[in-house]
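>>> mind folding the following:
(chains A, B, C and D)
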2 protein chains.
Amino acid sequence: MPARSTSRSAPRADRPLRADAARNRDRLLAAASEVFAERGLGAPLEEIARRAGVSIGTLYNHFPSRDAFLATIFPDRMTAVERLADTALAADDPWHGFVAFVTGVFDLQAHDQGLNDALSQRIPVPPDVRTACDRGFRHLEAILRRAKKAGALRPDFTATDLAVLICTISPLIRETRGTAPDAWRRSLAFHLDGLRAGAAHPIDVPPLTADELARILPGQAG
Amino acid sequence: MPARSTSRSAPRADRPLRADAARNRDRLLAAASEVFAERGLGAPLEEIARRAGVSIGTLYNHFPSRDAFLATIFPDRMTAVERLADTALAADDPWHGFVAFVTGVFDLQAHDQGLNDALSQRIPVPPDVRTACDRGFRHLEAILRRAKKAGALRPDFTATDLAVLICTISPLIRETRGTAPDAWRRSLAFHLDGLRAGAAHPIDVPPLTADELARILPGQAG
DNA sequence: CATGAAGTTGAGGGTGCTCTCGATTTCTCC
DNA sequence: GGAGAAATCGAGAGCACCCTCAACTTCATG
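Numbering: from 1, shown residues only, chains lettered A, B, ... in the order given. Predicted structure coming up:
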């Protein structure tokens, strides 16, 4: 029994899936999308299998781990973040572009608990998802630079600070979903008022280094 | 077998504890204090029993539930918050008093993961703890009123906004404990700069009502 | 120092989840 | 339409935790 790299029955080897298997795979992905969005990345996999109408065994046959789901689903999710970044850079007013980007990211999270978990790193994510996040936040430095150059954003606000802001507002979004789904907007507004250049008072705590951030949020860009 | 209100062997009825039982109870409380501070309110009770040097059965004999621990431990914890509030009201500069209060609360949380869980309501707490929290935040309105009257704090910042701020910074404290224990100070500084009267821009999202807040954080004052 | 009440013990049952694997069904292709 | 590869199924093992209870030990008191 040589070759066949991975452990058991993994349908690797690029062999085309049988029709029923392909259907089940699609159903599983659709179900996972829904379930992760509704209940977060920690949702029981049995719930996904149930909703896809297959057994738990079949689920594991297609996706040998929770991470395999995430790696398949999330790169796509992050293109939405990328689009937000593009829009932000194209905005006439750099400050408005920055605000729209931040608000947009939170808005996405408000509608997708799984994205919330991923961006705020509540649940550890596999390297693939980390890469996807990096991609989504690729233009982040540019957005900040532009808003600073326009004299709108305080100069001591760094990309790691934005990552921290995300990991700060995310739990609020999670808690208030359902009861007061706009509560985070108010909290964000207070915070943004503190990020305007005119509001700046000196801060004696240095920003996180990219390295420290990576250790805290092992799946997010810096 | 009449009277003896509660279910089984509960040592209620105010009968004085036997010497060994009293000793074990003290040990359990001390262990619980440590374990909750280190690992949060979700820590396994077996860890507490282990550290107290008693069996899990003895633990349940003294404290029939996790909540029984919390109800015994937390009222005391909250007196520290009360003291912070008193100090804040006594400060010469109302703004500094406000800042010192907020910073002090977070400092306590930074050194006690259990307090962090309780104030941010990560883990549901029993009514007794809720009452203790109410007590700790009793003077909160007064602190805010004073800082607003002095023209330092923006007038649209409410007590529920402060509760939200707490539930916002708490997760950051939790995540960065260990790696970057002062990171929250920087995030708080940005937020505080947004709370100064001079920084205020109109916000079109209303604050949470006390009722909404209670539903989100069922153990915190408004 | 004996007796019984008070207290302690820890194996074991319950829950909710993850993940496995041998038996079974279903497709595909000749 | 039949052979065999591919895919599915789901009971059950494993894990981490919660909580119970009948047997045992320790203390306090006469």
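
>>> now do the contacts for the residue nearest to residue A:156 when sequence neighbours are not counted.
Counting by CB to CB, 6 or more residues apart in numbering or on different chains, residue A:156 lies nearest to residue A:203, which is 6.4 Å off, once chain neighbours are set aside. Bear in mind the C-beta positions are built from the backbone N, C-alpha and C, glycine included. Taking CB atoms under 8 Å, 6 or more residues apart in numbering or on different chains as the criterion, residue A:203 is in contact with A:156, B:186, B:189-190.

>>> among those residues, who's most crowded?
Each of those was scored by neighbour count (other CB atoms under 10 Å in any protein chain shown); the top score is that of residue B:190, with 25 neighbours.

>>> which element is that one on?
According to DSSP states H and E, residue B:190 maps onto helix B:183-193.

>>> for DNA strand D, what's its nearest residue on chain A.
When scored by CB to the nearest atom of the strand, chain A has residue A:57 as its residue closest to DNA strand D, at 1.8 Å.

>>> related to what we said a few turns ago, counting by contacts, list what the helix or strand following the helix holding residue B:190 packs against.
Stepping forward along the backbone from helix B:183-193, the first helix or strand reached (DSSP H and E) is helix B:210-216. The elements that helix B:210-216 packs onto, with contact taken as 3 or more CB pairs under 8 Å, 6 or more residues apart in numbering or on different chains; DSSP states H and E, are helix B:159-176.

>>> what comes up buried for the helix it packs on?
When burial is assessed from 16 or more other CB atoms under 10 Å in any protein chain shown, helix B:159-176 yields the following buried residues: B:159-176.

>>> what's the burial count for the residue in chain A that chain B sits nearest to?
Taking CB to the nearest CB as the measure, chain A has residue A:194 as its residue closest to chain B, at 2.9 Å. One way to gauge burial is a neighbour count; for residue A:194, by other CB under 10 Å, it gives 23.

>>> just the one 3 residues further on next, same as before
Around residue A:197 there are 16 other residues, counting by other CB under 10 Å.

>>> how about the contacts made by it?
Residues counted as contacts of residue A:197 (CB under 8 Å, 6+ apart) are A:148, A:151-155.

>>> tell me the confidence at it?
Confidence at residue A:197, expressed as pLDDT, is 98.

>>> could you measure from it over to residue B:72?
Residue A:197 sits 50 Å away from residue B:72, taking CB to CB, to the nearest Å as the criterion.

>>> what mean pLDDT does the strand or helix carrying residue A:79 get?
According to DSSP H and E, residue A:79 maps onto helix A:66-90. Confidence over helix A:66-90, taken as the mean pLDDT, stands at 93.

>>> now do stretch A:29-37
For stretch A:29-37, the mean pLDDT works out to 98.

>>> same check, this time on stretch A:177-188
For stretch A:177-188, mean pLDDT rounds to 95.

>>> pick out the residue nearest the middle of chain A.
Nearest to the mean C-alpha position of chain A, by CA atoms, centre = their mean, lies residue A:119 at 3.6 Å.

>>> what angle do the host helix or strand of that one and helix B:159-176 make?
Counting by DSSP H and E, the element that carries residue A:119 is helix A:113-120. Between the axis of helix A:113-120 and that of helix B:159-176 there is an angle of 60 degrees, by axes from the mean of the first three to the mean of the last three CA atoms, to 10 degrees.

>>> dump helix A:113-120 to CSV, keeping only the CA atoms.
Below are the C-alpha coordinates for helix A:113-120, written out as CSV (Å, rounded to 0.1, in the frame of the first residue of the first chain):
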residue,chain,number,x,y,z
GLN,A,113,-20.2,35.8,13.3
GLY,A,114,-17.6,33.6,11.8
LEU,A,115,-15.8,36.5,10.2
ASN,A,116,-16.0,38.2,13.5
ASP,A,117,-14.3,35.2,15.2
ALA,A,118,-11.7,35.0,12.5
LEU,A,119,-10.7,38.7,12.5
SER,A,120,-10.7,39.0,16.3
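
>>> what does that helix rub up against?
The set of residues that contact helix A:113-120 without belonging to it, under CB under 8 Å, 6+ apart, is A:36-42, A:70, A:73-74, A:77, A:105, A:108-110, A:122-123, A:125, A:129, A:133, A:166-167, A:170-171, A:173-174, A:177, A:217, A:219-220, B:171.

>>> buried subset of these?
With neighbours counted using 16+ other CB under 10 Å, these contain these buried positions: A:36-37, A:40-41, A:70, A:73-74, A:77, A:105, A:108-110, A:122-123, A:125, A:129, A:133, A:166-167, A:170-171, A:173-174, A:177, A:217, A:219-220, B:171.

>>> next, the angle helix A:159-176 makes with the helix or strand of chain A with the lowest mean pLDDT.
Of all helical and strand segments in chain A, the minimum by mean pLDDT, DSSP states H and E falls on helix A:127-136, at a mean of 77. Taking the same axes, to 10 degrees, one finds that helix A:127-136 is oriented at 110 degrees with respect to helix A:159-176.

>>> packing partners for helix A:127-136?
helix A:66-90, helix A:113-120.

>>> most tightly surrounded among those?
Of all the helices and strands packed on helix A:127-136, helix A:113-120 has the most neighbours on average by mean count of other CB atoms under 10 Å in any protein chain shown, namely a mean of 25.

>>> next, see if that one gets close to DNA strand C.
No. Residues of helix A:113-120 contacting DNA strand C under CB under 7 Å from any atom of the strand: none, with a closest distance of 13.3 Å.

>>> and chain A, which residues reach DNA strand D?
Applying the criterion CB under 7 Å from any atom of the strand, the portion of chain A that neighbours DNA strand D consists of A:9, A:11, A:15, A:17-18, A:20-21, A:24, A:54-58, A:60-62.
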